[in-house]
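Asker: turn this into a model:
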Amino acid sequence: MSVTTDTNVTKTGDTATVSGRFTIKNLPTVSLDEVKKPVFAYVGVADLAIEQAKQIPAELTAYTQQVQARLAEVPNVVKTLPAQVKDLRDEVETRVAKATEQANEFYAALAVRGERLVTQIRRQPATEAAIAEGKEAVKKAEASATAARKSLTWAGRVLTTFGTSARRAWTFLASATYRAGSSLACSRARSATPT
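Answerer: All right, here's what the predicted structure looks like:
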């Protein structure tokens, strides 16, 4: 597509006049059928909607008949409900009893299996040696506890007998240690000071 222009501008006082012509070549062509197509589609949608709307009363009538037929069956279903509930209860009780029996059998099998494993582990030489070492350790711990109890009793008697003297000796040692530490710190401070 190409566009050409031929213009003339004339100015007279405060008025300007523009004259000219435009030439457009190679314009695209549009088919009239292509222009009509969207309009026809719109009309087709409207026709389809009307056609389906005409079917609604027939479908509604059929659905109403189905609902009425089901409602007619309700009294018969209600009459059979107690028998169905009893049958269902019996089935549930049977299944619960069966599940309980299976659980008890499984529990018993696990107990037998565990007993076999514990017996097997107890008979192993390493387990027997560990048990013997444990018993020996308990005997040693009991002997140590007895010796500690005796030592504490003796220490308590000594402290009761010599309590006052021991406190005085402790106080003397603590103060002597403090004084020795202070004089040592002072002598170090003096030697570190530049003269």
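
Asker: the longest helix belonging to the chain - contacts with which helices or strands?
Answerer: Ordering each helix of the chain by length in residues (DSSP state H) puts helix 32-123 first. Here helix 32-123 touches no other helix or strand, going by 3 or more CB pairs under 8 Å, 6 or more residues apart in numbering; DSSP states H and E. Backbone N, C-alpha and C define where each C-beta goes, glycine included.

Asker: can you do 10 Å?
Answerer: With contacts defined as 3 or more CB pairs under 10 Å, 6 or more residues apart in numbering; DSSP states H and E, helix 32-123 has these neighbours: helix 125-192.

Asker: mean confidence for the helix it packs on?
Answerer: Averaged across helix 125-192, the pLDDT comes to 68.

Asker: Three-state assignment for residue 30, please.
Answerer: coil (DSSP: H, G, I helix; E, B strand; the rest coil).

Asker: what's around it, how many residues?
Answerer: 8 (other CB atoms under 10 Å).

Asker: where does it land on pLDDT?
Answerer: 71.

Asker: same question for residue 96.
Answerer: Confidence score, pLDDT, at residue 96: 92.

Asker: residue 90 versus that one, what's the distance?
Answerer: 11 Å (CB to CB, to the nearest Å).

Asker: ditto for residue 127
Answerer: Residue 127 is 52 Å from residue 90, by CB to CB.

Asker: next one: residue 48
Answerer: 56 Å.

Asker: repeat that for residue 126.
Answerer: For residue 126, the distance to residue 90 - CB to CB - is 56 Å.

Asker: one more: residue 97?
Answerer: In terms of CB to CB, residue 97 sits 11 Å off from residue 90.
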